[in-house]
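Enquirer: Pasting the sequence and the predicted coordinates here, then a few questions.
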Amino acid sequence: MNTLRRTKIVVTLGPSLDNRDMLRRVIKAGADVFRANFSHGTVETHEQRISAVRDIAAELDKTAAILVDLQGPKIRVARFKNKKVTLNEGQTFILDPTLGDDDGTEASVSLDYKNLPHDVSAGDTLLLDDGRIVFNVERIDTHRIICKVMVGGELSNNKGINRLGGGLSAEALTDKDKADIKHAVRLEADYLAISFPRNASDVLEARSLLHAAGGNAGIIAKIERAEAVLNIEEIIKAADGIMVARGDLGVELGDAEIPGAQKHMIRMARMLNKPVITATQMLETMTYNAIPTRAEVSDVANAVLDGTDAVMLSQETAVGKYPDKAVAAMDRICLSAEKNAIRRISGHRNEVHFKYVDEAIAMATMYTANHLDIKAIIALTESGTTPLWMSRIRSGIPIYGLSRHGTTQRRMALYCGVYPIPFDVTDLDRRIINHSAVNELQKRGIINNGDLVIITKGDLIGIHGRTNAMKIVTVGNLPDINIT
C-alpha cells in the first residue's frame, strides 16, 4: 500500500491488460480502480478481465475496485461502403437516417440515432469524431439534415456526433445499458458509471434499475453534456460521485471552456461530499510513448491541485504499449503535486450546520488532525461514509478505513487519501478494539511507538451510521483494556 499518494488512479481494462504479467505490474505500480468500458467488448470478455483483476489483487494483498462504465446514447454516423470517406471544406454532406446502415458515400451517410433531424435546426454546428470534422446545418429537408462541411478530413465508420452547445434529446439509458446494469450486478461491480446524464432524473432512473436488479453499487455520473454542467448540483446530489469526462464535454462546450468547468465541478463535488474522477486524454501520448509530454504532466498535476479524488487512464492502459509506465507516471505526478502547500489548506464546511453526528465527528477529527502532530487517522467503519467525509478536507494525513465489508473496502478505494484495510470489529471484545486497531497498523509498519493517532468509531459496534466517538491515543501507550 502506497500510503503517501492520496489521489487515486483509475485504469481502463482492455487488450493491453489481458496479459496477466502486465496486469500484475499495473497493480503494483499503484492502480486503485479498474474500469470495464461496456462501449467495447463482450460481457464474457469483461467478466474474464474483472476476474483476473480480483485474482491478482488478492495475490498481492491489494484492494481493487471495479467500475462498470455504461455505453450510453452515443450518437454516431453509420457505416460507409468503403469504410471511410474524405470530406472537403465547402462541400455539401447529408445526414440521412433513412439510408441503409452500410450505404454511406462521399455525399451522405445514415445515423444510428434516427431522431437527430428533430433535434437540430438550421444554423446549428455539428461536430464529428470528437470535433475533428465540423458541419454547419443549412436546412432540414423532412428527415434529412443538409450540412455544409466547415472543417473537412477523413470520416470513418461509427464516428460520434455532438451538437455544439448540447441539447440533443437522446435518453441517457439505452436498452443496452439497461441490460448491462443487470450484468454489472452479476459481476458485483463496486461502481456503475452512467454516460450522458442530463439531470438528476437520469441518475435516479439508473439507481432504480440497479436496485431492481439487486445491486447496490455506487453511481458515478459522467458529465459529458452541456446541460449536465448547468444541472451539476442536482446531479451530484443524486449520484454517489461524478466523472469529469472531458471528451464529449469538450466537444459540446468548446475546448477552451473545459478548464474552468473542471475546476467548478471538482469544487462543487467536494462541497457536496462526493468523490470526483477527472478523465480523458490525461496521458494520451503514453498510448504510444514511454514518457508523457510536459503539458500532460501539468494537466494531471492541476487536476490534483484542483482537489480531484482520482485521475483516470483510458486508452493508455486499455490498448497502449506502456500501461505500467503510464500508471507509474501518474503516480509520481500525483505525489509531486500533493507536496504543494495548497493541498493542506481547507476551509471546507466551516460555516455549515451539520445534520449528522458522524459528519460532525469526521469534521472535528480533521480539524484536530490538522492542528496536532497526528500521524494517522483510524476510522472503524461499516459503510465508509465517515472516511468519505474526512477525505473532503485537504490534508496530508492518511486516513485508514478499517472495515469488515469487502464492498466497503473497495468503495473506499476511490476516496482521496483513504486507504482501506480489512478489519472485523465484531470478532473483538469492545474493550480491546482500540488496541487491536492500533496493532493492525503497527503490524503493517504504518505507525510506530510514540506516534499520535486518532481513532473514530461508534458505541454500537457493527451498526451503519453510528460513528459518535473520536479518541486521540499515543501508540505504545494504550492500556491493555479500554472501554471507550
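Expert: Arrived safely.

Enquirer: Excluding covalently adjacent residues, which one is nearest to residue 47?
Expert: Excluding the flanking residues, the one nearest residue 47 by Cβ to Cβ, 6 or more residues apart in numbering is residue 187, at 6.0 Å. Yep, even glycine has a C-beta here, placed from its N, CA and C like the rest.

Enquirer: Count the residues that sit near the one you found.
Expert: Residue 187 has 18 neighbouring residues, counting by other Cβ atoms under 10 Å.

Enquirer: Spatially central residue for the protein, please.
Expert: Taking Cα atoms, centre = their mean, the centroid of the chain lies closest to residue 277, which sits 3.8 Å from it.

Enquirer: And it, its phi and psi?
Expert: The phi/psi pair for residue 277 (degrees, to the nearest 10) reads phi -110, psi 130.

Enquirer: from now on call the first residue 533
Expert: Shifting the count to begin at 533 puts that one at residue 809.

Enquirer: Quick check: it touching residue 773?
Expert: Yes - the pair residue 809 and residue 773 qualifies as a contact (Cβ atoms under 8 Å) at a distance of 7.0 Å.

Enquirer: shared neighbours of these two, anything?
Expert: Residues touching both residue 809 and residue 773 (Cβ atoms under 8 Å, 6 or more residues apart in numbering) are 752, 841, 946.

Enquirer: Validate this expectation: the last one resides in a strand.
Expert: In other words, residue 946. No - under DSSP: H, G, I helix; E, B strand; the rest coil, residue 946 sits outside any strand and is assigned coil.

Enquirer: OK, contacts around residue 595?
Expert: Counting by Cβ under 8 Å, 6+ apart, residue 595 touches 564, 589, 941, 942, 944, 945, 952.

Enquirer: so where's the stretch 583-732 of the chain shaky on pLDDT?
Expert: For the stretch 583-732 of the chain, no stretch is flagged by pLDDT under 70.

Enquirer: Would you map the strands across the stretch 683-832 of the chain?
Expert: Along the stretch 683-832 of the chain, counting by DSSP state E, counting those that start in this stretch, strands occupy 685-688, 693-695, 723-726, 750-755, 773-777, 808-811.

Enquirer: The stretch 833-982 of the chain now?
Expert: For the stretch 833-982 of the chain, the strands defined by DSSP E, counting those that start in this stretch occupy 842-845, 906-912, 931-935, 950-954.

Enquirer: Sheet-wise, list the partners of the last one with their directions.
Expert: Strand 950-954 has its sheet partners listed here by DSSP bridges as strand 931-935 (parallel).

Enquirer: Would you map out the domains in this structure?
Expert: Here the domain parsing of the chain from automatic domain parsing is 540-603+703-870, 616-695, 889-1006.

Enquirer: Including distance to residue 610, could those go into CSV?
Expert: Output for the domains of the chain, formatted as CSV (distance: least, Cβ to Cβ, whole Å):
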stretch, distance to residue 610
domain 540-603+703-870, 16
domain 616-695, 4
domain 889-1006, 37
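
Enquirer: ok so, going back, so which of the contacts of residue 595 is surrounded by the most neighbours?
Expert: Most neighbours among those, by other Cβ under 10 Å: residue 944, with 30 neighbours.

Enquirer: you'd agree that residue is up against residue 917?
Expert: No - contact status for residue 944 versus residue 917: not in contact, 9.9 Å apart, counting by Cβ under 8 Å.

Enquirer: where do the helices sit along the stretch 733-882 of the chain?
Expert: Ranges of helices within the stretch 733-882 of the chain are 758-762, 764-770, 778-785, 790-803, 826-838, 847-850, 855-870, based on DSSP state H, counting those that start in this stretch.

Enquirer: Can you tell me which of the ones you listed is most buried?
Expert: helix 847-850 (a mean of 25; mean count of other Cβ atoms under 10 Å).

Enquirer: Which neighbouring elements make contact with it?
Expert: strand 540-544, helix 855-870 (3 or more Cβ pairs under 8 Å, 6 or more residues apart in numbering; DSSP states H and E).

Enquirer: what does it rub up against?
Expert: Residues outside helix 847-850 that contact it (Cβ under 8 Å, 6+ apart) are 543-549, 558, 563, 569, 814-816, 818-819, 854-855, 858-859.

Enquirer: ok, now with 10 Å
Expert: Contacts with helix 847-850, where a contact means Cβ atoms under 10 Å, 6 or more residues apart in numbering, come from 541-549, 554-555, 558, 563, 566-567, 569, 572-573, 812-820, 824, 828, 854-859, 861-862.

Enquirer: Show the buried residues in these.
Expert: 541-546, 548-549, 555, 558, 563, 566-567, 569, 572-573, 812-819, 824, 828, 854-859, 861-862 (16 or more other Cβ atoms under 10 Å).

Enquirer: May I see the buried residues of stretch 959-977?
Expert: Within stretch 959-977, judged by 16+ other Cβ under 10 Å, the buried ones are 964, 965, 966, 967, 968, 969, 970, 972, 973.

Enquirer: And for stretch 603-623?
Expert: For stretch 603-623, by 16+ other Cβ under 10 Å, it's 604, 605, 606, 607, 608, 609, 610, 611, 612, 617, 619.

Enquirer: Bridged to the residue nearest to the third one when sequence neighbours are not counted, which residues?
Expert: It refers to residue 606. The shortest distance from residue 606 to any non-neighbouring residue, by Cβ to Cβ, 6+ apart, is to residue 692 (5.6 Å). On the basis of DSSP bridges, residue 692 is bridged to residue 608.

Enquirer: contacting residues around the residue nearest to residue 579?
Expert: 568, 575, 578, 579, 582, 583, 598, 600, 712, 747, 749.

Enquirer: ok, now with 7 Å
Expert: Shown in contact with residue 719 (Cβ atoms under 7 Å, 6 or more residues apart in numbering): 579, 582, 600.

Enquirer: between those, which is closest to residue 985?
Expert: Nearest to residue 985 out of those is residue 582 (Cβ to Cβ; 35.0 Å).

Enquirer: mind checking the SS state of the closest one?
Expert: Three-state call for residue 582 (three-state DSSP): helix.

Enquirer: what sits against residue 639?
Expert: By Cβ under 7 Å, 6+ apart, residue 639 lies in contact with 625, 626.

Enquirer: again, only this time at 6 Å
Expert: Neighbour list for residue 639: empty [criterion: Cβ atoms under 6 Å, 6 or more residues apart in numbering].

Enquirer: ditto for residue 854
Expert: 818, 822.

Enquirer: With residue 760 instead?
Expert: Listed by Cβ under 6 Å, 6+ apart, the contact partners of residue 760 are residue 730.

Enquirer: got it, and residue 865?
Expert: Shown in contact with residue 865 (Cβ under 6 Å, 6+ apart): 829, 832, 833.

Enquirer: what's the nearest residue to it if we skip its chain neighbours?
Expert: residue 832 (4.6 Å).

Enquirer: how near is the one you found to residue 890?
Expert: 33 Å (Cβ to Cβ, to the nearest Å).

Enquirer: Ok, residue 724 next?
Expert: Taking Cβ to Cβ, one finds residue 724 at 25 Å from residue 890.

Enquirer: Give me the more crowded residue out of those two.
Expert: residue 724 (27 against 21).

Enquirer: who are the neighbours in contact with the nearest residue to residue 836 once chain neighbours are set aside?
Expert: Leaving aside its sequence neighbours, residue 836 sits nearest to residue 869 (Cβ to Cβ, 6+ apart; 3.9 Å). Going by Cβ under 6 Å, 6+ apart, residue 869 touches 833, 836, 837.
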